[in-house]
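**Student:** Coordinates for the following, if possible.
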Amino acid sequence: MNPGKLILFAAPSGSGKTSIVKFLMGQNISLTFSISATTRPKRVGEKDGIDYFFLSTEQFQKKMAAGDFLEWEEVYTGTYYGTLKSEVDKLLGEGNNVLFDVDVLGALSIKKIYAAQALALFVKPPSIKALAERLQDRGTENEESLKRRVDKAMYELSFEEKFDKTIVNIHLEEAQNEAKQIVLDFIK
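**Tutor:** Modelled structure (predicted):
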């Protein structure tokens, strides 16, 4: 059995990364989704073990101390995200191509570990203004959280050149199709 490959999608919040990943998972492509662990509260409709492994801060920190994560980040103060080694190793061992929806620094950490076995894709909005509008349109941000996300996005955009490829999400359908072609070329 051939070992699987890793496809890492990272982007500032509101860039369309999750929409692209969901689109790819709905295509007839040999991909298995890597579920991240997080301490953030569940959003409406999210399920533990499907969208994320939802952990308390204490549970997460115990796993960090035990070295159970390939990568982890405190994305916002007190809010952690991470990728469990055991989950990825299991999926790769089964010959799966594993698709990741992770933060920018997490993607770079995984890419460093897996090198050529991993493809790191950066999704970005056409502009910071467009990003702020998308975040506002979600209806989930107040003025303070919107500013925090935009500031973080500007920081994350500085890592773009460290990724293998960039997809500029001007029109979601075009970005989805571009991502699909890049992934198909990588896993063939």
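**Student:** which residues of this structure score low on pLDDT?
**Tutor:** 1-2 (pLDDT under 70).
**Student:** Residue 71: what's it in contact with?
**Tutor:** Going by CB atoms under 8 Å, 6 or more residues apart in numbering, residue 71 touches 82, 83, 102, 105, 106, 109, 110. Any C-beta I mention is one placed from the backbone N, CA and C, and that applies to glycine too.
**Student:** out of these, who's nearest residue 144?
**Tutor:** residue 105 (22.7 Å; CB to CB).
**Student:** There's contact between the closest one and residue 74 in this structure, I believe.
**Tutor:** No. Checked against CB atoms under 8 Å, the pair residue 105 and residue 74 is beyond contact range at 10.1 Å.
**Student:** between those two, who's got more neighbours?
**Tutor:** A direct count of neighbours by other CB atoms under 10 Å for residue 105 and residue 74 places residue 105 higher, at 18 against 14.
**Student:** Work out for me the element the more buried one sits within.
**Tutor:** helix 104-114 (DSSP states H and E).
**Student:** tilt between the helix or strand that that helix is followed by and helix 104-114?
**Tutor:** Later in the chain than helix 104-114, the nearest helix or strand by DSSP H and E is strand 118-124. Strand 118-124 and helix 104-114 are oriented at 160 degrees to each other (axes from the mean of the first three to the mean of the last three CA atoms, to 10 degrees).
**Student:** which one of the contacts of residue 71 is nearest residue 116?
**Tutor:** residue 110 (12.8 Å).
**Student:** ok, now which ones touch the closest one?
**Tutor:** 6, 8, 70, 71, 83, 100, 102, 118, 120.
**Student:** chain center to the host helix or strand of the fourth one: distance?
**Tutor:** So the one you mean is residue 71. Using DSSP H and E, residue 71 falls within strand 69-76. From the chain centre to the centre of strand 69-76 is a distance of 11 Å (CA atoms, centre = their mean, to the nearest Å).
**Student:** picking up where we left off before, now flag whichever of the contacts of residue 71 is closest to residue 23.
**Tutor:** residue 102 (17.0 Å).
**Student:** So the closest one sits against residue 75, correct?
**Tutor:** No. Using CB under 8 Å as the test, residue 102 is too far from residue 75 to be in contact (10.0 Å).
**Student:** All good on my end, thank you.
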